[in-house]
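Visitor: Requesting a structural model of the entry that follows:
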Amino acid sequence: MPLDNKTISEAIKQAKAKSGQKKFNQTVDLILDIVEIDMKAPEGKIQEVVELPHITSKPNRICIVASSGDFIVKAKNSQADRVIERADLDALTGKKKELRKIGNDFDVFICEAPLMPLVGKTLGPVLGPRGKMPIPVPPNADIAS
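Guide: Predicted structure coming up:
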């Protein structure tokens, strides 16, 4: 049965109504069972960003890891809270306390794709367990928004 926004909204409203009033903020987990799509095939991969209607309590803090000159300029002109250049990343190698501070201070990490192996080696042990591994973007991508 195909679902649309109204069907999903009605199902969530019914589930909340049946659960009764709580003295805490309730959350809703949505589990979708996708059939007839081969997830192993390249055309079956689904990567979607969903815009929620209400903002969270605080804005995300963004850290961008960049190496090339043009990408660094784009990163500094974007809304990023911090830009880590390749030299800074090399200097952080082995400094666990500083790496943990970076992992705690930022919510989203964006990395220039060619730097991913170095970022994975340097920041991976800190960001991986937190579920904050960087989003790789090509060097010519527009990251201003």
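
Visitor: Just the pLDDT for I55.
Guide: Per-residue confidence (pLDDT) for I55: 74.

Visitor: Mind jotting down where the helices sit in this structure?
Guide: 5-19, 69-77, 86-92, 96-105, 116-122, 124-130 (DSSP state H).

Visitor: how about the first one: buried residues?
Guide: Buried residues in helix 5-19, counting neighbours by 16 or more other Cβ atoms under 10 Å, are absent. In this view, the C-beta of every residue, glycine as well, is placed from N, C-alpha and C.

Visitor: quick one: K97 from P125, how far?
Guide: Look at K97 and P125: by Cβ to Cβ, to the nearest Å, they are 13 Å apart.

Visitor: Give the buried residues for stretch 94-105.
Guide: For stretch 94-105, by 16+ other Cβ under 10 Å, it's L99, I102, G103.

Visitor: quick one: contacts for the most centrally placed residue in the chain?
Guide: In the chain, the centroid-proximal residue (Cα atoms, centre = their mean) is V108; its distance is 5.3 Å. By Cβ atoms under 8 Å, 6 or more residues apart in numbering, the contact set of V108 is N60, R61, I62, C63, K132, I135.
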